[in-house]
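>>> below is the structure, and that's it, no one-letter string:
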């Protein structure tokens, strides 16, 4: 065994993993056409696959949320464009998107995760009349405006986010009254 191989084998595994991870570039720059294609795919992708992979507890919550209402929600698009989506499923989607946004090298580009994050918040506000975030109106407005500034955003999602912006401005059906603190989630 060479000296270099022995040194690698004797290294602290955590330090070695950090060293290897430091070379990974998770901030890949996606071009607009790629982001448009990824968003289109994500909106049509089976919702169970992404949400169930988060953790076992969420898998059972997802199953209960969908089955208890007899919904045929197969994708994120089905959920976001549904006229009366289950609030718990919107919370799970928001949590999934938030985890993807914060995860180094997560399963989705941060731009796509951000769209899912704010879209789920907006749908909960506008269609379910509930706030599922601790973000205040100004923070939600800023996030939605950033999403709307994306040239690659599809027209249905753009309309959904625009409806949320109108609700935040008081020009739409707003559900922005602050719920009790124990009802809010980050």
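Nice, I can see it. No experiment lies behind these values; they were computed from the predicted model shown.
>>> where does pLDDT dip in the protein?
In the predicted model of the chain, residues 1-27, 48-73, 171-186 satisfy pLDDT under 70.
>>> show me where it has its strands.
Counting by DSSP state E, the chain has no strands to list.
>>> I'd like the distance between residue 43 and residue 80.
From residue 43 over to residue 80 the distance is 7 Å, taken as Cβ to Cβ, to the nearest Å. Backbone N, C-alpha and C define where each C-beta goes, glycine included.
>>> common neighbours of those two, please.
residue 157 (Cβ atoms under 8 Å, 6 or more residues apart in numbering).
>>> and the residue nearest to residue 132 when sequence neighbours are not counted, what does it touch?
With Cβ to Cβ, 6 or more residues apart in numbering as the criterion, residue 132 has its nearest non-adjacent residue at 4.4 Å, and that residue is residue 124. The contact partners of residue 124, by Cβ under 8 Å, 6+ apart, come to 87, 90-91, 94, 130-132, 175.
>>> so can I have a markdown table of the residues you listed showing neighbour count and distance to residue 37?
Listed next are the contacts of residue 124 as a markdown table, based on neighbours: other Cβ atoms under 10 Å; distance: Cβ to Cβ, whole Å:
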| residue | neighbour count | distance to residue 37 |
| --- | --- | --- |
| 87 | 16 | 30 |
| 90 | 25 | 24 |
| 91 | 20 | 27 |
| 94 | 22 | 23 |
| 130 | 17 | 32 |
| 131 | 21 | 32 |
| 132 | 24 | 28 |
| 175 | 15 | 32 |
